[in-house]
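S.K.: here's a sequence, model it:
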Amino acid sequence: MDIKLTEALNALESKLKGANTLETKSLLEGFKESFDAELKTKVEALETKSKQELEAAQLEVKNMQELQEVQQKHLDSLDLKLKNNVQTKDANLSSLITKNIKAISAVTKSVPFNMEVKDMTLANALTGDQPRDYNFDVVKRPAQMVNVEDLASTIPISGGTYTYVRSTLSSGSVGEPIEGATKNQLEYDYTILDSNTNYIAGFAVYSKKMRNNLPFLENTLGIDLRRDYMRGENATFNAILEAEATASTKVITDSNKIEMLIAELAELAANDFMADCIVVTPTDWYDIMITEKSSGAGYGLPGIVTFDNGVLRVNGVAVKMATWLTANKYFVGDWSRVRKPVTEGFTFAVSEDDSDNFRKNNLTARVEAQVTLTVEQPDALIFGDFTAA
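M.R.: Below you'll find the model as predicted:
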């Protein structure tokens, strides 16, 4: 029972004690009015509260319905995306939605939905290529370490033939005659020699589209073609050197490579030629560097062989590496009488006017030179073999 009602009844009971009929009637009517008013107030309060709670409940139901509509639109949108990407992402997204459907259904304004994708990789989540960083400094094949033209003297000529004269003492010698006797007679032979220049050339064909799409092409192609031209020229000139130089008579038996080279220097000097360069293959160059003092005595170059600032020298003469040289072969000589006649120097040209280039949208890049090589004094250059026995 309500505490206020109990107190009111106790007070009424006290007042009724000793009251007459009229007073009793008046007290009872007064209590009834007061009770009815209090009861009415409480009922009205309960009705108001119930109405507010009902309206709140109805509003919550409405919010839930609206949220359900938003969820359905979201699911419809996901379904449309899944259909548009069925080949690449259907399995992954369907699996994710299935696993998280309860969480999606429970979404409210105060309970957001978070979906975490844990298995994305380039293989299953990327369409197209990932970004790249380009380096247009093209990695090219290196040039040969030394070219024949670096050793020879270049002679420009106006035509296609270089003619020179070689003199030879055929008989006689200068001497001190006996008084009254005939002086010594000398006879010379003069040989006129011709060296004809020829074209050494090569070309490459490429499309205009290739040129337009590869910004590095034309510069790189020019460098590559020049380096390969020099390889071709070196091969041609090496054949001429081998044919025109004096063949060595030295053998490796009971000698090493350093001793063979020193013997060649001595032979040139005996004929009044001072060698200015020795050319060997890279293999032989490095083999010289590990020459043993004697068998099993360890490495040690003789005093006449030096290595300073990257230059190997035998008796002061530089030893150079050449990859165009035939294996095991070498040249020792005075290269001042090795000539390179040039009718037309090296040129690099690009043109559409070749074959069907115009119809095919192609370009031709050409490298060429009209040149030759000649050993004017064969005795000044020795061609040897480290394997000769």
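S.K.: hang on, residue 345 in a strand?
M.R.: Yes - under DSSP: H, G, I helix; E, B strand; the rest coil, residue 345 falls within a strand.
S.K.: now stretch 147-166: mean pLDDT?
M.R.: For stretch 147-166, mean pLDDT rounds to 97.
S.K.: hmm, I was thinking of stretch 50-64
M.R.: The average pLDDT within stretch 50-64 is 77.
S.K.: got the buried residues for that stretch?
M.R.: For stretch 50-64, burial by neighbour count (16 or more other C-beta atoms under 10 Å) applies to no residue. Bear in mind the C-beta positions are built from the backbone N, C-alpha and C, glycine included.
S.K.: C-alpha coordinates for it, CSV please?
M.R.: Extracted C-alpha coordinates of stretch 50-64, given in CSV (Å, rounded to 0.1, in the frame of the first residue of the first chain):
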residue,chain,number,x,y,z
SER,A,50,2.3,5.0,-21.3
LYS,A,51,1.5,7.3,-24.3
GLN,A,52,5.2,8.5,-24.4
GLU,A,53,6.5,5.0,-24.1
LEU,A,54,4.2,3.8,-26.9
GLU,A,55,5.3,6.7,-29.2
ALA,A,56,9.0,5.9,-28.4
ALA,A,57,8.3,2.3,-29.2
GLN,A,58,6.6,3.2,-32.5
LEU,A,59,9.5,5.5,-33.4
GLU,A,60,12.0,2.7,-32.7
VAL,A,61,10.0,0.4,-34.9
LYS,A,62,10.0,3.1,-37.7
ASN,A,63,13.8,3.6,-37.4
MET,A,64,14.3,-0.2,-37.6
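S.K.: run the chain-centre distance for that stretch.
M.R.: 70 Å (C-alpha atoms, centre = their mean, to the nearest Å).
S.K.: how many residues are close by residue 38?
M.R.: Neighbourhood size, residue 38 [other C-beta atoms under 10 Å]: 14.
S.K.: same check on residue 230?
M.R.: Residue 230: 20 neighbours (other C-beta under 10 Å).
S.K.: name the nearest residue to residue 154, ignoring sequence neighbours.
M.R.: Of all residues not flanking residue 154 in the chain, residue 340 sits nearest, at 4.8 Å (C-beta to C-beta, 6 or more residues apart in numbering).
S.K.: could you do residue 300 as well?
M.R.: residue 293 (4.3 Å).
S.K.: before we move on, back to that, surely the residue nearest to residue 154 touches residue 149?
M.R.: Yes - in this structure residue 340 lies within contact range of residue 149 using C-beta atoms under 8 Å: 5.5 Å.
S.K.: which neighbours do these two have in common?
M.R.: residue 237 (C-beta atoms under 8 Å, 6 or more residues apart in numbering).
S.K.: sorry, back to before: confirm for me that the residue nearest to residue 300 is in contact with residue 305.
M.R.: No - in this structure residue 293 lies outside contact range of residue 305 using C-beta under 8 Å: 12.0 Å.
S.K.: pretty sure residue 208 contacts residue 358?
M.R.: No - between residue 208 and residue 358 there is no contact under C-beta under 8 Å: 10.6 Å.
S.K.: comparing those two, which shows the higher neighbour count?
M.R.: residue 208 (13 against 10).
S.K.: contacts only, for that one.
M.R.: Counted by C-beta under 8 Å, 6+ apart, residue 208 has contacts 361-363.
S.K.: name the residue closest to the centre of this structure, please.
M.R.: residue 135 (6.2 Å; C-alpha atoms, centre = their mean).
S.K.: quick one, phi/psi of that one?
M.R.: phi -120, psi 110 (degrees, to the nearest 10).
S.K.: kindly report the same for the one 10 residues further on.
M.R.: Phi and psi for residue 145, reported as degrees, to the nearest 10, are phi -60, psi -40.
S.K.: for it, give me its contacts.
M.R.: Contacts for residue 145 (C-beta under 8 Å, 6+ apart) come out as 282, 320-323.
S.K.: out of those, who has the most neighbours?
M.R.: Busiest of the contacts of residue 145 [other C-beta under 10 Å] is residue 322, holding 23 neighbours.
S.K.: thought that one was touching residue 230?
M.R.: No - in this structure, residue 322 is not within contact of residue 230 by C-beta under 8 Å, at 11.8 Å.
S.K.: pull up the overlap in contacts between the two.
M.R.: residue 144.
S.K.: which parts of the protein are strands?
M.R.: 153-156, 161-171, 187-196, 198-207, 246-247, 277-280, 305-308, 311-314, 317-321, 329-333, 338-351, 362-371, 374-375, 381-385 (DSSP state E).
S.K.: most packed of the ones you listed?
M.R.: When these are scored by mean count of other C-beta atoms under 10 Å, the highest mean neighbour count falls to strand 329-333 (a mean of 26).
S.K.: what's it in contact with?
M.R.: Here strand 329-333 has contacts from 241-242, 245, 261, 264-265, 268, 273, 275-281, 284, 317, 325, 380-386, using C-beta under 8 Å, 6+ apart.
S.K.: surely residue 216 meets residue 136?
M.R.: Yes - using C-beta under 8 Å, residue 216 makes contact with residue 136 at a distance of 4.4 Å.
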